[in-house]
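# what follows is a predicted protein model with its sequence.
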Amino acid sequence: MAEIRRDSFTEGIKKDMYAYSLEKYPQVPPVFSQLFEESTSDSAYELGTNAIINAPLIEAEESETVTYGKAGEGYTVSAKMRTFKRAISFSQEQVEDLGTAKIANIVTTAAGTWTEDYVRLLEKESAKIFNYGGLTAGNSIFNASVAGYTDPSGDLCYDGKPFFNLTGNKRPLYPGATATHYNGLALGIDETNLQAAYDLMTVTNNVDTNGEKIDLRPDVIVYPPSLRWTITTLLNTTGQVGSSYNDINTVKNILRPIEWQYLTDTDAWFIGNSKKGIKFYSRVKLSFDFWRDMETGGYKAKARARFGHEVNDWRYWVGSKFSTS
């Protein structure tokens with residue numbers, strides 16, 4: 001194995017790489033951080049099981065014996081921590097010809113480029129939850145299988161359904177229950193269809209695993225740049241769009257618009273409760289290393305990051321006009 005040596009030069013370059021990286025982070029927050037709940041992870045994957053407590057409070061007369069409810073397990077939710085890397089190396093001859101000053105400049109510049117790539121990567125990977133969320137065959141972004149653990153739902157959501165499922169492919173509220181719910185539509189964006197999506201989330205899907213009502217209210221609408229003008233008009237016009245009467249626009253300012261250039265379906269749109277139902281795990285933030293290989297005489301630089309995504313509750317989101325295959 002090649003000997004790795006640390007000295008003041010390599011340690012100084014690492015420090016400069018981190019400093020230059022900070023300068024390259026965007027000033028405007030990325031879209032994914034506005035939508036996903038953020039957490040940290042200290043393992044290869046995260047695993048959890050939803051509990052089902054069927055023991056509601058009921059009225060009882062004085063001295064009446066309490067009625068015992070039942071507790072059970074819901075679906076298993078999991079998230080895989082994925083690893084992403086970049087690296088460059090310099091031969092001994094390059095070091096001799098370029099000199100340490102130029103090597104240092106190249107490496108710190110690379111750190112800035114890797115940072116910009118990392119920010120784009122976070123956006124592209126996060127957008128896959130929406131871009132592939134309606135595929136009936138699923139996608140690997142939902143598969144949390146790692147060495148020693150096999151995700152029982154495979155490439156689909158935790159309940160074996162797409163994140164966004166249509167009415168012909170309904171999902172149950174808990175394992176073994178009758179399939180009754182869906183959160184996907186095939187409607188274009190207009191006032192009537194936005195009302196339908198809003199009602200689907202707040203009137204139909206606003207139930208827990210026991211079928212009891214819960215408070216669900218979307219606060220954002222997420223869409224690709226191709227729908228910018230349509231949604232801007234829809235959410236900001238006082239009167240009903242396209243109407244010659246004096247009817248009011250019932251969806252004016254009802255949701256906060258979030259345009260996301262990483263959405264691949266040009267006519268797909270989504271409403272949801274930000275930071276609910278979808279989660280981003282940071283396992284290892286973008287990190288840098290720089291060292292000298294004493295066996296070859298060259299230098300090497302590396303960037304590395306680990307993170308993962310999880311869908312833990314489909315109720316908080318409704319999608320429409322997404323791809324299914």
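Cool, got the structure.
# what about the longest strand in the chain?
Longest among the strand segments of the chain by residue count, using DSSP state E, is strand 278-293.
# elements contacting that strand?
Where contact means 3 or more CB pairs under 8 Å, 6 or more residues apart in numbering; DSSP states H and E, strand 278-293 is packed against strand 4-5, helix 8-24, helix 32-35, strand 37-40, helix 92-131, strand 299-311. Yep, even glycine has a C-beta here, placed from its N, CA and C like the rest.
# give the buried residues for it.
Applying a neighbour-count criterion of 16 or more other CB atoms under 10 Å, one finds 278-283, 286, 288, 290-293 buried in strand 278-293.
# re earlier: could you identify which of the helices and strands packed on strand 278-293 is most buried?
strand 299-311 (a mean of 21; mean count of other CB atoms under 10 Å).
# between it and strand 278-293, how many degrees?
170 degrees (axes from the mean of the first three to the mean of the last three CA atoms, to 10 degrees).
# gap between strand 299-311 and the chain center?
Strand 299-311 sits 16 Å away from the centroid of its parent chain (CA atoms, centre = their mean, to the nearest Å).
# next SSE after it?
strand 317-320 (DSSP states H and E).
# who touches that next one?
130, 133-134, 163-164, 183-189, 193, 197-198, 200-201, 205, 218, 268-273, 277-278 (CB atoms under 8 Å, 6 or more residues apart in numbering).
# do stretch 155-166 as well
For stretch 155-166, using CB under 8 Å, 6+ apart, the contacting residues are 75-78, 129, 133-140, 142-143, 153, 169, 171-172, 175, 182-186, 270, 311-312, 314, 317-319, 322, 324.
# check contacts around the closest residue to residue 264 other than its chain neighbours.
Take residue 264 and drop its neighbours on the chain: the residue closest to it by CB to CB, 6 or more residues apart in numbering is residue 131, 4.8 Å away. Residues counted as contacts of residue 131 (CB under 8 Å, 6+ apart) are 262-265, 322-323.
# can you check residue 124 too?
Contacts of residue 124 (CB under 8 Å, 6+ apart): residue 262.
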